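1. All I have is the shape, not the residue letters:
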């Protein structure tokens, strides 16, 4: 479950046009397929695009280190939102049915700095597109694609900082949801998406730490998410908290909490735990506890975000403390998309069973600054 | 100051008592200033409306990547990826003609003005917005429609109001030889894009590509390039062959330059109206000086010094100039409204679509024009003022003194005239670039002619008098004597008419010669039987497109012997743009249709088929290109060099026109599609019927204009005449002004001689006899200007043809003498002069003989 | 307004002194001697009538005295100033400040009211419109025309017009008034009344009057008669002799 860049403000030469692109948007939803039944995900084919679903995203979060041992975190999102399920055949290549966005963020732990950038484009060959049947998604030159040898390449920039990574899967995909691969987001049928992760991609490549500097070599580990569906969010949901971590004992953990207007959590909030031996556990809301230990107030948006947590999965002996590597990892997009959220690199420390564990992962906090309110 | 005010008050009191001349000269100033202001305002409105609509659309872009025949759409991402490029937006843009507008219940044919379709990508356009960034215009729901529904358009408010189009209406437009449907999604306020966008309809870029037939291509990519650190060089280095980095204003400036030249031509012509005005001011001032001879002598006797006399006369004419200037500016803004439509249409015919909307005149400009009018009037008043100052103080008035002095000035006038002629001859033979030496020469010759008239009259009138005396027909000597005695004024009025008439004849001869040349050219080059063009072309003035299927269909039609096609792009060349074309030359006639000035026909056409180029005369003349030179232009894949195999006559594009073979053209510029088709029939005699049948066959599927040879000829000549509409209007104004001057002069002469005339009548002369006298006088007054205007008009025509036309358009034309128009004009001038005598005659009828006899 | 050189002039000195004044118009055969060695002095307070046949040089003498014509030779001193050497600007200034003029045909400015006609010479001297009109009003009162002040000349009778002209000649309080046939365009009754007014104001102000005239009436009224024939003064003393009536129509009646 990932951020979906909800409503968007677009300007046509000064004609402000607010585009409702939220996953919650009711527009055209009826004509799309819904994630309302089990689906066998087949790889690598299902890494590719699924245009019969309204929204789809490919997400990289990871941490890499420089030869000097300095730690960098990054996030890169390719996001597709269909405008219509079926578009008439047109002569122009630029005639479109999809909008694509890319969001990128870079956390430079040593320099205590955080950068982010974003672009959007219509779906059109050469501009922004996603391949069916294989991983290849691009938005105005920011690209995630797979090579013949099974490794992937990610090329993007974050506010002028070029990132180029070769990513190699080290495990099989981790399917989320009670029915593997079908992740429920609300009580009604169809309020769900198909969702899986590659939890430990080995990453090698280069990163420009500032726009003018030379690229530095980096290596590390990257978490990949891919999710697609139509109209999965319910009306009364105001946001979500999402956690992901690959722990050094070999465990992978993903949890999300869907927050409702009344302050309670959606019952479909859930998670997935993969043990070092590869066995997978679906975690229901009742199976885990998230305790907020500290908060942080953004000087820009004035929003108050949780800033330290205790995560427990009692039945599986998981007890972790989560703390951000730097406090301010907020993406302030008020000047463009209008959705301000927090997504940052965090240190996870604690125990799994008797064993002390640690690891780096990402936390995403949506809906604290405003509830998908488009600015006009 | 007190003294000046006292004397000025006396002069003005005198004007109130004898307002005729002052009114006539003020009117002349008004007309002169109005013409000037009108042309300036209409012309600059045309220019700025064009330039700013180009610039408004470019928004905040610092640069644009353009390419002949379009930039490939895939080039956006690489350019956007450059570090130096902060933002980039793709643009597809072009004019479409509006065919009809329909709402749910029906459609109506529309005479709405054409729309400029601006195809943009809303995701990328935001950074290019000016400070204006307007409020929401369509809601979120509509946004999907804007992006995904083909033909969705957002139209500008004023255009909507004018055309009656509403949200939800379907606008049928013609573009690239086809009919397209646009659906109005919303209407936007002009404050969003600025006044200049009043014809700009916003569409999604995909719709623009489809409607304008540019699939896969962008007209340009707007860029915002980082100012610091060689950003421009970095972008330039990343360009592919055929792509060019330009400032957003350069396209606008190229067309603006051409519009400027056009406007300056008219302005120069218009300023000649001011020359006529100043002559009439001179005339009025001189008249006053003569009439006030006694008054001036007295005032001098009462202690008014020469300096004060000069000051007072100058102040008086300055007031005249001021009045004329202020009223002229007002009249000019009215005139500008008339001219705006005419000039807008002519500029659209010649250069690019413009829609002229007048802006209020700037305070600075108004002040400048009024100051100019005052200066012109003061300059015209200098000699009369000096003349007035020469008045000796006298206790008894002496009237004929000034006339006597004027006679002494005749040799000086002759010298002046000779000087003008010499300056004119020199100016004619000096080329400093541009046509303005032609203007100097015209002005010098006009001055020469104007100053020659009074001495000529002084010599000729006594001869006429004697002839009349010998023949025993007394009216002639009396009339000639009357004019001769008042030569100060009659000379001035005749000079004004002479100048106006010369200009008119000059322009008539120029246009007549031009027309003869164009007709001959049409005759020898318009050889095909049926011509087909994109219907939107004549409205939008951008190269049209005939769908390939239509071309193929026409080729296959029975009865068609051969088909010529023409492809074309407009290319920037030096400081302007030229029209570069690729032609198929399948039959003998396709070769014959070029009339070569340089180069041999068959060799040249053979070379063209092998990739050489032939160029039109204006192109050759303007840039000094000839056979053996190379024409170097930017093609799709970089610089293209063409050997020049010949120079041909062409009157269709004043910008210059080059022709190569279709193959070579497509190799250099890709294929923008066929722009024009010419059909040669097996039965040329049936072209009219064939054209009608073809029209019927194509209609419904394509929007093409099909014309038979005869129809096209008529159309070319109609456009030709339209080009000169403004010129005709200006000539008419100048001539009417001058004739009014003559009428007022005659009235003045009558008032002066009222006692004499009353005496004649008292001793038994009939009104009819007096009428005859006035008639002869006015015919004499028109005769001298006509005598001067015939050679002077020929000279002006020569200058217009060989200097102004040649240097501004590059056309060589043989001078022809359209006798019928020339004689008609002269006859009209004489007739108008005769009519001018009606005014004094009317006064005579009303006059009481007894009273006139009593009065001094 | 009175400058020093004039102030310095002895009170009893002549207002006009002409010595050996010659003036010829034209050259060669067509030339015409208008003044041929004229010597004359006119004392302050005199009312001098200049008489003689047409073309005898009367008007030329008046123009020479009025600094409007420059003699070919000889000296003309008016109010102590040599008017023969003045520039045009000086002469103009001298005329408007020191002289008054009365014309045969009144020559009022038709565009100005009687009042403004009278005020004109004052305004030419830089006097404000208000002050000039006040002065003019006063003078028109003396001429018994106060009630016609706002009329335009064409609404006035000949006699009235000439009285306005006299008022105009006096508005700058000149020492010398030059008049050319002041009654020439009037019938004898009106002419008489005009002369009465003229005489009384001239005497009252101690001014000097030089007038060209044919009129018997004027001769009676003058204190001295200067007779000119062929450009020479033939009788400059006393006022007894009445002039001819202009019976001799000279070939060159050039001033008309």
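-> That came in fine, so what should we check first? This is a predicted model, so every value here is computed, not measured.

2. hey, which helix is longest across chain C?
-> The longest helix of chain C (DSSP state H) is helix C:188-205.

3. Are there helices or strands packed against it, and which ones?
-> strand C:47-51, helix C:158-170, strand C:176-180, strand C:208-212, helix C:216-221 (3 or more CB pairs under 8 Å, 6 or more residues apart in numbering or on different chains; DSSP states H and E). (C-beta placed from N, C-alpha, C; glycine too.)

4. for the helix or strand containing residue C:225, packing partners?
-> According to DSSP states H and E, residue C:225 maps onto strand C:224-229. Helices and strands touching strand C:224-229, by 3+ CB pairs under 8 Å, 6+ apart, are strand C:32-42, strand C:47-51, strand C:232-235.

5. Between strand C:32-42 and the next helix or strand along the chain from the second one, find me the angle.
-> By that I understand strand C:47-51. Going down the chain from strand C:47-51, the next helix or strand is helix C:58-65, by DSSP H and E. Relative orientation of helix C:58-65 versus strand C:32-42 (axes from the mean of the first three to the mean of the last three CA atoms, to 10 degrees): 60 degrees.

6. and helix C:58-65 with strand C:47-51, angle?
-> Going by the same axes, to 10 degrees, helix C:58-65 makes 130 degrees with strand C:47-51.

7. quick one: contacts of the next helix or strand along the chain from helix C:58-65?
-> Sequence-wise, the next helix or strand downstream of helix C:58-65 (DSSP H and E) is strand C:73-78. Applying CB atoms under 8 Å, 6 or more residues apart in numbering or on different chains, the contact partners of strand C:73-78 are C:14-22, C:37-38, C:64-65, C:67, C:82-84, C:94, C:98-99, C:176.

8. Which ones among the residues you listed also lie next to chain B?
-> Within the set of the contacts of strand C:73-78, contact with chain B (CB under 8 Å from any CB of the partner chain) is found for C:94, C:99.

9. In strands, which of the contacts of strand C:73-78 appear?
-> Here DSSP state E is the test, and these give C:16-22, C:37-38, C:82, C:99, C:176 as lying in strands.

10. Filter these down to the buried ones, ChimeraX style.
-> Filtering those down to the buried ones (16 or more other CB atoms under 10 Å in any protein chain shown) takes a single ChimeraX command:
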select /C:16,17,18,21,38,99,176
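
11. Report the two of the ones in strands among the contacts of strand C:73-78 separated the most.
-> Farthest pair in the ones in strands among the contacts of strand C:73-78 (CB to CB) is C:37 and C:99. Separation: 24.2 Å.

12. Return the longest strand in the chain, judged by number of residues.
-> In the absence of a named chain, chain A is used. Per DSSP E, chain A has its longest strand at strand A:192-208.

13. To clarify, I was referring to chain B.
-> Scanning chain B for the strand with the most residues, using DSSP E, yields strand B:85-103.

14. strand partners of that one, parallel vs antiparallel please.
-> Strand pairing for strand B:85-103, using DSSP bridges, gives strand B:106-109 (antiparallel), strand B:115-120 (antiparallel), strand B:170-175 (antiparallel), strand B:217-225 (antiparallel).

15. Hmm, residue C:229 is touching residue C:51, no?
-> No - counting by CB atoms under 8 Å, residue C:229 does not reach residue C:51; the two are 9.6 Å apart.

16. tell me the contacts of the most centrally placed residue in chain C?
-> For chain C, residue C:178 is the residue whose C-alpha lies nearest the centre (CA atoms, centre = their mean; 1.0 Å). Counting by CB under 8 Å, 6+ apart, residue C:178 touches B:395, C:62, C:65-66, C:99-102, C:210-211.

17. and the gap between it and residue B:32?
-> Using CB to CB, to the nearest Å, we find residue C:178 at a distance of 46 Å from residue B:32.

18. count of residues packed around residue B:471?
-> 10 (other CB atoms under 10 Å in any protein chain shown).

19. and it, how far is that from residue B:765?
-> Taking CB to CB, one finds residue B:471 at 19 Å from residue B:765.

20. related to what we said a few turns ago, mind putting the strands paired with strand B:85-103 in CSV, mean pLDDT and mean neighbour count included?
-> Listed next are the strands paired with strand B:85-103 as CSV, based on pLDDT from 0 to 100; neighbours: other CB atoms under 10 Å in any protein chain shown:
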stretch, mean pLDDT, mean neighbour count
strand B:106-109, 68, 11
strand B:115-120, 87, 25
strand B:170-175, 90, 24
strand B:217-225, 89, 23
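
21. Just confirm residue A:186 is within a strand.
-> No - Residue A:186 is assigned coil when assessed by DSSP: H, G, I helix; E, B strand; the rest coil, not a strand.

22. what sits against whichever residue of the stretch 1-150 of chain B sits closest to chain C?
-> Per CB to the nearest CB, residue B:13 is where the stretch 1-150 of chain B lies closest to chain C, at 2.3 Å. By CB under 8 Å, 6+ apart, the contact set of residue B:13 is C:109-112.
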